[in-house]
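Peer 1: for reference, the sequence and a predicted model appear below.
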Amino acid sequence: MILFLANHFHNSYVVEKIMIFSIFIVSVYIIWSVLSIDSFALQHSSLVVLSNDTVDSINPQFSTSQDRIYASWISNVNSQNSDVMFKKSDNDGKSFSKPINLSNSSGISNIIKLRNSKNNVYITWEDKQSDQWKLLFRKSQDYGKKFSNVLNISRGTGNVHLHDLSAEGKNVYVVWAANENISSKIKEVYFRKSSNYGDSFGDTVNLSNTDDDSLDPHITTSHDGSTIYIVWTECDIKEDDPICRIAFTKSLDRGNTFTIPKNVSDTTQFLKRKTSYHTQDSESKSNNPQSYPIKSTTGEKENYSINPSVFTTFDGKIVYVLWEEDLLSTGRTEVFLGVSNDYGKSFSSTINVSNTSGVSRLAQGQLVDEDLYVVWSDTLDQYDKFNVMLKKVSSKNLSGKAINLSNNSGNSVSPSLLIKDDRIFTTWADESNTSSIWLWSGHVTGLSGINTKLNGNSEAIPTNPVIFDTNDKAWIGWTENNNSRHKILLIAPEKMKSD
């Protein structure tokens, strides 16, 4: 009996230990499984060199549709001549077409925007001809096999300074900043639209029409192109140190009319128009110069707002405006977000997304349903290096916890964001030891993820990575400098899958 009890206690002890050990093993397995599920296994089998090794190539742009990849970049022939190059793949990157020179001019081509819709491919770029910067356009109706003649979109305006392009269905919209004419010093924001797949464009519309400089426009639309939102930076040139604000306008009728621009950034200043303006709805029907007071959320008297971007939901109802706020009196910069839940009629809240004591910049975002995910570079409490940060903001103005994705001793810059099938992918350029491209992958419901170094054996310097997707792959392209010239590289991964 005593022996039995002893054996019983001994066996119970062993069973308990086995159970504890089993629970530990199961827990480790579950945690490992969750971490594995949180990130796709990105197994790149080869590296595609898109550009010609004999010329310097920079600034790649990519656009995709299902398994089709369209790529464009700038090739510098010499200091006085650069061209817009184009390649495409119809088989998910297994092979690419021969390059096409789309600009093929004796001048300087720069700043590409590349979009596609169904079988149509659209491309715009800024081109310096006869000492004037023009905005040029070409289109393809056969998936990028052949392109139309070059069209001067900016005809009638002066030198072009930055632009954006949007295409939804048969609608093609172009917005750009330019001087009013060759002799003018003031820059305005202009808009043109096409309702026939880019075959022809309507009249040029001056959206800003102020006495200040209007710069860096960005555009987004609802899924069918019926609702258009445009933002830009508006700078008071009368000041020695120009004060800049973020201007916002919208169209609810496919670009036929626009509202009077209003200030959506963190400021108590006003936007004042210099002439009457044709408007479309009840919120801005007056023909007199309009002012829009905006609530200050920082308490800083000296600050300016730059680098705007704009996002909207599928139906266009919820609008997010993201920008960088420079707090001049402190040396800090923050990433701010304005949210509208009524088709841009009012922006009732302003959110400090970064909210650190350091320098926050280079923010990018992506909408998932009604939630906006934002990545940016941030020095946090130090000023000697940047970290890549991620945060989720809901349409109900609920801001999640910021996650430090890079979290290393080096400098992490130029983040690019992709969210696909509830997975988050963020890539950036890192200068910890040797320059490299990193990829962080995780799940939208979790705070953990896995970092992968993509080009650890390369002695070249990679910059400005861009991440995008086809049907079931995440792709990363970047510019790489090998001390003699720049080239455009693209990772060709295997199929993304959960391990």
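Peer 2: That came through fine. Residues are numbered from 1 along each chain as shown.
Peer 1: can you pull the contacts of the residue most central in space within the chain?
Peer 2: Closest residue to the average C-alpha location of the chain: residue 364 at 4.7 Å, with CA atoms, centre = their mean. Shown in contact with residue 364 (CB atoms under 8 Å, 6 or more residues apart in numbering): 309, 374, 375, 376, 415, 416, 417. Glycine gets a C-beta too; all of them are placed from N, C-alpha and C.
Peer 1: please, which helix or strand holds it?
Peer 2: Following DSSP states H and E, one finds residue 364 within strand 360-368.
Peer 1: pLDDT averaged over that strand, what's the number?
Peer 2: What strand 360-368 shows for mean pLDDT is 96.
Peer 1: and the next helix or strand past it?
Peer 2: strand 371-378.
Peer 1: next, count neighbours for residue 401.
Peer 2: Using other CB atoms under 10 Å, residue 401 has 8 neighbouring residues.
Peer 1: is residue 187 in contact with residue 163, as I believe?
Peer 2: No: at 11.9 Å, residue 187 does not count as touching residue 163 under the criterion of CB atoms under 8 Å.
Peer 1: what residues are shared contacts of those two?
Peer 2: In contact with both residue 187 and residue 163: residue 177, using CB under 8 Å, 6+ apart.
Peer 1: tell me the buried residues in stretch 46-61?
Peer 2: 48, 50, 51, 55, 56, 57, 58, 59, 60, 61 (16 or more other CB atoms under 10 Å).
Peer 1: my guess is residue 165 contacts residue 121, does it?
Peer 2: No: the criterion here is CB under 8 Å, and residue 165 misses it with residue 121 at 11.4 Å.
Peer 1: mutual contacts of the two, please.
Peer 2: Counting by CB under 8 Å, 6+ apart, the shared contacts of residue 165 and residue 121 are 114, 115.
Peer 1: I figured residue 230 hits residue 217, correct?
Peer 2: Yes: when contacts are counted by CB under 8 Å, residue 230 is listed as touching residue 217 (6.0 Å).
Peer 1: which two from the buried residues of stretch 46-61 end up farthest apart in space?
Peer 2: 48 and 56 (18.2 Å; CB to CB).
Peer 1: can you tell me how far residue 205 sits from residue 137?
Peer 2: Relative to residue 137, residue 205 is positioned 16 Å away (CB to CB, to the nearest Å).
Peer 1: between these two, tell me which one has more neighbours.
Peer 2: More crowded of residue 205 and residue 137, by other CB under 10 Å: residue 137, with 23 against 18.
Peer 1: the more buried one belongs to a strand?
Peer 2: Yes: remark: residue 137 belongs to a strand, assigned using DSSP: H, G, I helix; E, B strand; the rest coil.
Peer 1: ok, now which ones touch it?
Peer 2: 122, 123, 124, 150, 151, 152, 153, 174, 198, 201.
Peer 1: what is it paired to in the beta sheet?
Peer 2: Listed beta-bridge partners, residue 137: residue 124, residue 151 (assigned using DSSP bridges).
Peer 1: quick check: pLDDT value at it.
Peer 2: What the model reports for residue 137 is a pLDDT of 99.
Peer 1: equivalent analysis for residue 481, please.
Peer 2: pLDDT, residue 481: 91.
Peer 1: quick one: it and residue 459 touch, right?
Peer 2: No: counting by CB under 8 Å, residue 481 stays clear of residue 459, with 10.5 Å between them.
Peer 1: these two: which has the busier surroundings?
Peer 2: residue 481 (15 against 9).
Peer 1: spit out the contact partners of the more buried one.
Peer 2: 460, 461, 462, 463.
Peer 1: for stretch 173-181, buried residues please.
Peer 2: By 16+ other CB under 10 Å, the buried positions in stretch 173-181 come out as 173, 174, 175, 176, 177, 178, 179, 180.
Peer 1: the fifth one: what's it in contact with?
Peer 2: Pointing back at residue 177 there. If you count contacts by CB under 8 Å, 6+ apart, residue 177 has them with 160-163, 187-190, 214-217, 232.
Peer 1: likewise for the third one?
Peer 2: For residue 175, the contact set (CB under 8 Å, 6+ apart) comprises 163, 164, 189, 190, 191, 207, 217, 218, 219, 230.
Peer 1: who's more crowded, residue 165 and residue 121?
Peer 2: A direct count of neighbours by other CB under 10 Å for residue 165 and residue 121 places residue 121 higher, at 27 against 22.
Peer 1: isn't the more buried one right up against residue 71?
Peer 2: No: at 10.9 Å, residue 121 does not count as touching residue 71 under the criterion of CB under 8 Å.
Peer 1: run a quick neighbour tally on the closest residue to residue 111 other than its chain neighbours.
Peer 2: Computed as CB to CB, 6 or more residues apart in numbering, the closest residue to residue 111 that is not its neighbour in sequence is residue 126, at 4.5 Å. Residues contacting residue 126 under the criterion other CB under 10 Å number 23.
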